[in-house]
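Undergrad: Provide a 3D model corresponding to the input given below.
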Amino acid sequence: MRARYLYRINVLSLGFCALCAQALFIREMMALFSGTEFIVGMLLSGWLFWVGLGGVVGGRFLARGSDCSYRLFVFLTVLAACLVPATLIAVRCGRIILSPASGELPPPHYALLVSFFAMSPFGFIYGTIYNVASRIWSAEDPGIHTGVSGVYIWEAAGSVAGALIFSFIVLPMLTQLEAGFAVALLVAAVTLLTYPWKRGVWIPVAAVALLAVVFIQAAPRIDGWIYGEVYRGSRVERFLSSKYGEIVAVKKDEILSFFSSGSRIFSVPDRERAENIVHIPLLLHQAPRRVLFIGGSLGGGWEEAAKHRSVEVIDCLELDGRLMELVVEMLDEGGHRGDLPYASIDRPNYLSVDGRFFIKGIRGGYDVIILEAPPPLNLQWNRYYTREFFRMVKESLDEDGIFAFRHPSSENYLSAEQALILRSIRETLGGVFDDIAMIPGSGVHFIAGTREVDIDTMLDRLAERRIELKYINMDYLPFRLSEDRMEYLESALDKVPDAEQNTDMRPTLPLYEILLEGVRVRNPLYGVFRWFLGIPPGALPAVLGIVILLFFVRSRGIRAAKLCVWIVGFGGFLYQLLVLMAYQSYSGLIYHAIVLITAMFMAGVSTGAVCSSRIRPGKVASLRLVHAGYAALSFALLFWVMALGARNIPHSIGMPVFLLLSLSGGFLTGFYYPVVVRSALPDDGKAVPALFYSWDLFGACAGGLIGGAVLFPLTGMAVALVFVSCIHAAAAMLLVGRW
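TA: Numbers count the residues shown, from 1 in each chain. Now for the predicted structure:
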């Protein structure tokens with residue numbers, strides 16, 4: 001009895017190790033792609049592929065013998081634990097080799113290869129462990145079905161525990177690499193110390209102590225060395241991890257630069273940037289009193305705003321609280337704060353809060369709102385360029401209010417890809433505000449107003465306010481506002497095809513930004529996205545659906561059972577991926593919450609598997625009911641996303657709903673799996689325990705590749721969810737019951 005209890009603890013630790021490893025790998029690899037969430041599906045697909053391959057290959061190898069030793073399970077588990085920090089180091093070495101310069105994107109095909117193969121040792125070992133664990137379990141409770149279902153349930157429960165410990169204890173205290181060492185230490189300690197050693201426990205105790213010494217001494221030094229190589233040519237001042245990404249502060253000469261998830265946020269001193277983002281919108285307002293910064297206040301922004309004598313209140317919103325604290329501390333230490341000869345205030349109101357959630361509850365109050373966010377290359381930043389966000393901003397402005405932001409451009413030439421991005425922004429902004437203006441330059445300045453925006457007033461107001469500026473001055477502004485330059489910008493945007501408005505439901509700008517990046521680095525891989533853009537949105541899911549239906553029609557027997565599991569893996573993972581994308585568009589917190597949302601899915605899997613094992617329902621009826629449930633759940637997610645765009649729903653309500661949606665999807669998946677295993681898996685010593693587990697993972701792998709990298713970016717949330725609903729409905733009618 002005691003041995004059985006200890007073995008269940010080991011299986012729990014196995015689930016804990018898998019979830020923590022998955023979260024750490026995804027977080028680390030997203031830095032290779034500057035946090036682009038479209039790549040999450042591809043990264044998870046690589047993970048699922050290697051685990052599934054390990055399940056099939058390792059299972060067939062182990063099927064040659066009748067028994068699996070507990071010692072083999074211990075060895076493989078400790079090996080997998082040690083591979084967690086080793087994989088993180090391998091990914092970072094890939095960043096060192098591939099990144100041309102600090103903050104630049106590496107070639108995407110090389111980054112994908114590094115991501116895909118770096119996970120292969122851990123994934124393959126983990127898939128093999130699943131077979132070993134199932135056979136050991138079935139030796140205690142005769143029947144391979146019992147072993148497979150038991151490991152499935154307890155491993156999922158361990159994933160839930162891992163998410164809670166990882167999210168609330170490990171990550172707030174440690175860097176990424178330190179967290180990897182901590183996970184390896186914890187899993188190895190549990191596995192080694194619970195094994196019934198016949199010659200005493202001094203060997204496992206010594207091994208755990210050695211791992212602890214390596215963790216305490218080596219992790220910070222390895223971290224420092226790797227960051228020094230990633231940001232070579234600069235001196236790394238600080239590095240830490242936050243819920244939005246890894247934060248690194250580097251210094252080169254007298255320039256202090258801050259990076260988050262591999263992307264440069266800003267540098268100081270950079271007076272030209274500060275003057276550009278601040279004085280143009282403030283000069284367009286007759287007498288700005290209340291100014292709101294959504295980003296951009298650090299490094300000189302608010303000091304420039306304080307030079308306008310009419311300004312009484314400056315509120316500064318910074319998304320990442322840890323980044324804000326680090327920047328303020330380092331700027332104060334370095335004496336980078338500018339002089340304020342005309343300031344009526346000496347310090348702004350700093351708020352560590354998300355800009356979208358802050359302005360949702362505001363009705364009027366601000367004269368000028370300035371947005372300074374990175375280009376919408378990913379969904380986290382795209383949230384500040386959508387029609388829904390622009391509506392919130394408009395409601396937060398007083399009469400004659402001004403809203404301003406910039407997007408990178410070029411002085412004298414606009415490519416078709418750059419013009420497409422700018423036109424999409426113009427169409428989205430123009431669909432909300434009464435009047436908009438665009439000011440050309442190295443960054444196109446978008447100015448939107450609740451009434452007419454008259455840019456001709458800027459020079460007169462600059463003279464009246466007598467503000468001494470280095471860049472936005474009487475010599476520079478006439479050139480920037482010249483008629484020829486304004487006409488060229490308008491004509492360049494009018495020449496490109498009609499661009500879609502950017503919305504939370506259909507985020508078009510991230511895809512356009514990816515195309516622009518591909519043109520900039522001349523990478524042929526991005527040409528695939530250009531080709532896909534010419535396809536009607538409904539054509540891709542229609543062709544994919546027809547191919548899947550053909551497989552449905554031709555499948556019988558064990559092949560039909562495998563395809564049933566495959567389609568649940570495919571549709572279930574695509575649904576889960578859409579939950580993550582919808583949550584990111586809503587909150588921007590996927591970097592942190594991916595662990596919790598995945599844990600809720602695994603909690604649902606565990607609960608569903610337990611219920612299925614105890615209820616023992618009829619095969620055909622229960623499986624069809626699960627497919628129908630997934631179809632209904634897809635529409636529930638669609639209606640929820642629509643509600644988020646139309647109503648002011650705080651995060652305290654929104655987050656639990658997303659967790660519930662993920663839990664429900666996991667429950668349906670967990671309920672389905674044991675029914676198929678009991679019905680179709682041969683109950684003999686030569687059966688591969690992970691057979692259907694691997695088909696589930698292969699289906700999820702396809703769902704991640706097709707859905708995350710192609711279907712959602714090209715068609716949007718609504719079409720993707722309708723597609724998920726349709727394939728489940730087709731499976732219920734055409735596939736279930738054919739074995």
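
Undergrad: for Leu663, what are its contacts?
TA: Taking Cβ atoms under 8 Å, 6 or more residues apart in numbering, we find Leu663 in contact with 600-601, 603-604, 607. C-beta here means a position set from N, CA and C on the backbone, and glycine is covered the same way.

Undergrad: Got phi/psi on it?
TA: The phi/psi pair for Leu663 (degrees, to the nearest 10) reads phi -60, psi -40.

Undergrad: and it, how far is that from Val278?
TA: Leu663 sits 45 Å away from Val278, going by Cβ to Cβ, to the nearest Å.

Undergrad: same question, Ala249
TA: Where Val278 is concerned, Ala249 sits at a distance of 23 Å (Cβ to Cβ).

Undergrad: Out of these two, name the residue with the larger neighbour count.
TA: Residue environment comparison for Ala249 versus Val278 gives the larger neighbour count to Val278, 29 against 21, counting by other Cβ atoms under 10 Å.

Undergrad: Which secondary structure element is home to that one?
TA: helix 271-283 (DSSP states H and E).

Undergrad: Quick check: buried residues in the host helix or strand of Gly645?
TA: Using DSSP H and E, Gly645 sits within helix 619-646. By neighbour count, and taking 16 or more other Cβ atoms under 10 Å as the criterion, the buried residues in helix 619-646 are 619, 622-631, 633-634, 637-638, 640-641, 644-645.

Undergrad: again, but for stretch 479-495
TA: Neighbour counts using 16+ other Cβ under 10 Å place 480-481, 485-486, 489, 492-493 of stretch 479-495 among the buried residues.

Undergrad: Please narrow those residues to those residing in helices.
TA: Secondary-structure check on the buried residues of stretch 479-495 using DSSP state H: residues within helices are 480, 485-486, 489, 492-493.

Undergrad: Could you dump those residues into CSV with pLDDT added?
TA: Written out in CSV, the entries for those read as follows (pLDDT from 0 to 100):
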residue, pLDDT
Arg480, 82
Arg485, 86
Met486, 87
Leu489, 88
Ala492, 88
Leu493, 89
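
Undergrad: Specify which member of those is nearest to Phe698.
TA: Each of those was checked against Phe698 using Cβ to Cβ; the closest is Leu493, at 44.9 Å.

Undergrad: phi, psi of Gly300?
TA: Backbone phi and psi, for Gly300 under degrees, to the nearest 10, turn out to be phi 120, psi -10.

Undergrad: count of residues packed around it?
TA: Using other Cβ under 10 Å as the criterion, Gly300 is surrounded by 24 other residues.

Undergrad: where's it relative to Gly708, distance?
TA: When distance is defined by Cβ to Cβ, Gly300 is 38 Å away from Gly708.

Undergrad: quick one: the strands in the stretch 251-400 of the chain?
TA: Ranges of strands in the stretch 251-400 of the chain, per DSSP state E, counting those that start in this stretch, are 255-260, 263-268, 290-294, 313-318, 349-352, 366-371, 397-408.

Undergrad: Make TSV out of the ones you listed and add mean neighbour count, distance to Phe712 and mean pLDDT.
TA: Conversion of the strands of the stretch 251-400 of the chain to TSV gives the following (neighbours: other Cβ atoms under 10 Å; distance: least, Cβ to Cβ, whole Å; pLDDT from 0 to 100):
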stretch	mean neighbour count	distance to Phe712	mean pLDDT
strand 255-260	22	24	81
strand 263-268	20	22	76
strand 290-294	25	26	93
strand 313-318	22	29	88
strand 349-352	16	30	84
strand 366-371	25	25	94
strand 397-408	20	23	91
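
Undergrad: closest one to Phe168 among those strands?
TA: Within the strands of the stretch 251-400 of the chain, the stretch nearest Phe168 is strand 349-352; the backing value is 18.5 Å (Cβ to Cβ).

Undergrad: so how far is that closest one off the chain centroid?
TA: Taking the mean of its C-alpha atoms, strand 349-352 sits 25 Å from the chain's own mean (Cα atoms, centre = their mean, to the nearest Å).

Undergrad: So what touches that strand?
TA: Outside of strand 349-352, the residues that reach it under the criterion Cβ under 8 Å, 6+ apart are 297, 313-321, 324-325, 328, 358.

Undergrad: out of the residues you listed, what pair is the most spread apart?
TA: It's Val313 and Asp320 that sit farthest apart of these, by Cβ to Cβ, at 23.0 Å.

Undergrad: can you list the domain ranges for the protein.
TA: The chain breaks down into these structural domains: 1-241, 265-518, 535-739 (assignment by automatic domain parsing).

Undergrad: helices and strands around the one helix or strand Phe570 maps to, which ones?
TA: With elements taken from DSSP H and E, the one containing Phe570 is helix 557-587. When contacts are defined as 3 or more Cβ pairs under 8 Å, 6 or more residues apart in numbering; DSSP states H and E, helix 557-587 packs onto helix 38-62, helix 379-382, helix 539-554, helix 590-615, helix 619-646, helix 651-680, helix 691-703, helix 712-734.

Undergrad: residues in contact with Val160?
TA: In this structure, Val160 makes contact with 15, 599-600, 602-603, 606, judged by Cβ under 8 Å, 6+ apart.

Undergrad: try it again with 6 Å
TA: Under the criterion of Cβ atoms under 6 Å, 6 or more residues apart in numbering, the contact list for Val160 reads 599, 602-603.

Undergrad: again, but for Asp400
TA: Shown here is Asp400, whose contacts under the criterion Cβ under 6 Å, 6+ apart are Arg451.

Undergrad: swap in Phe215?
TA: Counting by Cβ under 6 Å, 6+ apart, Phe215 touches 181, 185.

Undergrad: on that earlier part again, output the strands of the stretch 251-400 of the chain as CSV; include the columns distance to Leu282.
TA: As requested, the strands of the stretch 251-400 of the chain are arranged in CSV below (distance: least, Cβ to Cβ, whole Å):
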stretch, distance to Leu282
strand 255-260, 25
strand 263-268, 19
strand 290-294, 7
strand 313-318, 11
strand 349-352, 17
strand 366-371, 6
strand 397-408, 8
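
Undergrad: Ok, which of the ones you listed comes nearest Val74?
TA: When the strands of the stretch 251-400 of the chain are compared for distance to Val74 using Cβ to Cβ, the nearest one is strand 255-260, at 39.6 Å.

Undergrad: quick check: angle from that closest one to helix 590-615?
TA: Note on geometry: by axes from the mean of the first three to the mean of the last three Cα atoms, to 10 degrees, strand 255-260 and helix 590-615 are set 10 degrees apart in direction.

Undergrad: Check which helices and strands strand 255-260 sits against.
TA: In terms of contacts (3 or more Cβ pairs under 6 Å, 6 or more residues apart in numbering; DSSP states H and E), strand 255-260 is packed against strand 245-252, strand 263-268.
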